[in-house]
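**Student:** sequence first, predicted coordinates after that:
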Amino acid sequence: MRALIAASDGVELHLVGGVLRDRALGLPVHDFDAVVSGRGREISERLAETLPARLVLLGGKEFAAYRLVGEEVVVDIWDRAGTSLHQDLARRDFTINSFAFDLRTQEVSDPFNGLGDLGRRVLRATTGESFAGDPLRVLRLPRLLLRLPGFTAEPDTLLLARRSAAGLSEVAAERVRDELNLLFDHPDAARGLTLLMELDLYPGLWLGRPGEPGRPGLALAEVGALPDAVRELRDRAPHVADIAGGVDARIARLASLFANLPELRALERFRDAGYLTRSTAADIARLLELPGLPEDEIGRRRFLHKSGALWATAAAFLSTRAAAHGRPWRPALAPLVDLARREGATLIDPPRLLGGAEVQQILGIPPGREVGRALDAVLAAQVDGKVRTKEEAVALVRALPERT
């Protein structure tokens, strides 16, 4: 903080936002928000040299903003030139983020009783325009409720947020995506989903109609069942992470949301809107294609091959689907995990036993579709456990029926 005070060189300087909130709550602090009354660019450049840190120009419609990225700290500096401190605090989302600390005088400015709300552990909108000014805050509300221990939302604040939910369609997609990722990465994501439902964001946002009430199906039950499914998997396979990358809880939760939507193309539209990356959408699509937990040996072998490195995530997802529908799922996990332990790697990516040139030589045929069909047949037989050696692969190819 001494470096920040020195860089500001007499300009009015306050800490604001999350740094004060988290310190008051005893939470770890890594990012700092500061507000200066002018010369923001000059102050930021000085501080960047002192720390040292990389300077990023954030811009902004109403305030110039600068980010300093150091090795162990991130500092955001907002220049409120031409506006009062009260006006700056009034534009912030929740009262617990709307008080300021003067680094020189040690005085606290708290015009919206943020400290009182911190003590009561209540999220309250700073003003009646908090959400209308930036509808992304509608998503920030459930995310903060998950992050801050013991907090609840004031009823009027929930109402304000719900009224602004439709405005999310006008927010930059990457901002929405970042908030959703934080929410569904959280261990208590089921509570976050409950809040999204209260705010008319699920299924509305997923269907391109944020703010519109809808039917969530069994999504909440499935997301709520995920921790139990993950525990079961890990109990049966303590080293599951070494086998297949572990369970990606965010992907499993998102898959449950899409599995309970009435529109088949919802995933594709959500991806195209920018709310999912293409790789995340592809992973979710792979889970949605799976019919259920396999119940026989061949089914388990094919399941591991088809789901690949996502097999543990897929198993957890399908377990939650079965649990939500009242179907047994634990008995199917033990033999699946046992098979993954024994042959997981060779089923997910079977070794290549024959090449195309070898198939041509064995069958006496030129390059073409028949070669590809023969190689596919060998791969399928490997997955089913019927072919394990090159000699067996050659015998299979020779026994294939001829096609005209």
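**Tutor:** Alright, I've got the coordinates. Residues are numbered from 1 along each chain as shown.

**Student:** pLDDT below threshold where in this protein?
**Tutor:** 59-63, 238-245, 403-404 (pLDDT under 70).

**Student:** tell me which residue of it is furthest from the middle?
**Tutor:** Gly364 (52.0 Å; C-alpha atoms, centre = their mean).

**Student:** quick one, phi/psi of it?
**Tutor:** Main-chain torsions, Gly364, degrees, to the nearest 10: phi 70, psi 40.

**Student:** tell me, how many residues neighbour the closest residue to Thr50 other than its chain neighbours?
**Tutor:** Using C-beta to C-beta, 6 or more residues apart in numbering and skipping the chain neighbours, the partner closest in space to Thr50 is Ala3 (4.7 Å). In short, each C-beta sits where N, CA and C put it, glycine included. By the criterion of other C-beta atoms under 10 Å, Ala3 has 14 neighbours.

**Student:** thought Ala3 was touching Glu49?
**Tutor:** No: at 9.8 Å, Ala3 does not count as touching Glu49 under the criterion of C-beta atoms under 8 Å.

**Student:** quick one: the helices in the stretch 101-250 of the chain, in order.
**Tutor:** 114-120, 130-133, 137-147, 155-163, 173-185, 189-198, 219-236, 240-244, 249-259 (DSSP state H, counting those that start in this stretch).

**Student:** okay, now the nearest residue to Ala90 once chain neighbours are set aside: neighbour count?
**Tutor:** Of all residues not flanking Ala90 in the chain, Thr127 sits nearest, at 5.8 Å (C-beta to C-beta, 6+ apart). Neighbours of Thr127 under the rule other C-beta under 10 Å: 17.

**Student:** dump the residue contacts of Ala24.
**Tutor:** Going by C-beta atoms under 8 Å, 6 or more residues apart in numbering, Ala24 touches 115, 118.

**Student:** so it sits in a helix?
**Tutor:** Yes: if the criterion is DSSP: H, G, I helix; E, B strand; the rest coil, then Ala24 is within a helix.

**Student:** give me the distance between it and Phe94.
**Tutor:** Going from Ala24 to Phe94 by C-beta to C-beta, to the nearest Å gives 14 Å.

**Student:** what does Leu226 give?
**Tutor:** With the distance defined as C-beta to C-beta, Leu226 ends up 29 Å from Phe94.

**Student:** likewise for Ala309?
**Tutor:** To Phe94, Ala309 is 40 Å away according to C-beta to C-beta.

**Student:** cool, Arg54 as well?
**Tutor:** The gap separating Arg54 from Phe94 is 29 Å, by C-beta to C-beta.

**Student:** off-centre distance for stretch 366-384?
**Tutor:** Put simply, stretch 366-384 sits 38 Å off its chain's centre (C-alpha atoms, centre = their mean, to the nearest Å).

**Student:** show me what it is in contact with.
**Tutor:** 298, 301-302, 305, 346-347, 350-351, 353-354, 356, 359-360, 363, 365, 387-388, 392-393, 396-397, 400, 403.

**Student:** please identify which of Arg54 and Phe94 sits among more neighbours.
**Tutor:** Shown here are Arg54 and Phe94; by other C-beta under 10 Å, Phe94 has more neighbours (26 against 11).

**Student:** which residues touch that one?
**Tutor:** Going by C-beta under 8 Å, 6+ apart, Phe94 touches 114, 117, 123-126, 130, 141, 144, 157.

**Student:** change it to 10 Å
**Tutor:** Going by C-beta atoms under 10 Å, 6 or more residues apart in numbering, Phe94 touches 17, 21, 112, 114, 117, 122-126, 130, 137, 140-141, 144, 148, 151, 153-154, 157.

**Student:** and what of Arg23?
**Tutor:** The contact partners of Arg23, by C-beta under 10 Å, 6+ apart, come to 15, 29, 101.

**Student:** next, count neighbours for Phe112.
**Tutor:** With neighbours defined by other C-beta under 10 Å, the count for Phe112 comes to 22.

**Student:** can you check the one 4 residues further on too?
**Tutor:** For Gly116, the count of nearby residues is 14 (other C-beta under 10 Å).

**Student:** from Leu201, how far out is it?
**Tutor:** Using C-beta to C-beta, one gets 29 Å for the distance from Gly116 to Leu201.

**Student:** now swap in Trp329 and tell me
**Tutor:** Going from Trp329 to Leu201 by C-beta to C-beta gives 29 Å.

**Student:** just how off-centre is the helix or strand hosting Ala357 within its chain?
**Tutor:** Assigned by DSSP states H and E, Ala357 falls within helix 356-363. Between the centre of helix 356-363 and the centre of its chain there are 46 Å (C-alpha atoms, centre = their mean).

**Student:** following it, which helix or strand comes up?
**Tutor:** Next along the chain from helix 356-363, counting by DSSP H and E, comes helix 369-383.

**Student:** now do that following helix against helix 356-363, angle only.
**Tutor:** Helix 369-383 and helix 356-363 are oriented at 100 degrees to each other (axes from the mean of the first three to the mean of the last three C-alpha atoms, to 10 degrees).

**Student:** in helix 369-383, what counts as buried?
**Tutor:** By neighbour count with 16 or more other C-beta atoms under 10 Å, helix 369-383 contains the buried residues 370-371, 374-375, 377-379, 381-383.

**Student:** what do you get for stretch 15-23?
**Tutor:** 15-22.

**Student:** from those, which is closest to Arg177?
**Tutor:** When the buried residues of stretch 15-23 are ranked by distance to Arg177 (C-beta to C-beta), Gly18 comes first, at 20.6 Å.

**Student:** check contacts around the closest one.
**Tutor:** The neighbourhood of Gly18, defined by C-beta under 10 Å, 6+ apart, consists of 27, 29-33, 76, 96-97, 144, 147.

**Student:** thinking again about what came up before, mind giving me the PyMOL command for buried ones among the contacts of stretch 366-384?
**Tutor:** To isolate the buried members of the contacts of stretch 366-384 in PyMOL, using 16+ other C-beta under 10 Å:
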select buried, resi 301+302+305+347+350+353+354+359+360+387+393+396+397
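
**Student:** middle-most residue in this structure, spatially?
**Tutor:** A centroid search over the chain (C-alpha atoms, centre = their mean) returns Asn181, at 2.4 Å, as the residue closest to the centre.

**Student:** and the nearest residue to it once chain neighbours are set aside, how far is that from Phe317?
**Tutor:** The shortest distance from Asn181 to any non-neighbouring residue, by C-beta to C-beta, 6+ apart, is to Arg250 (6.7 Å). Look at Arg250 and Phe317: by C-beta to C-beta, they are 11 Å apart.
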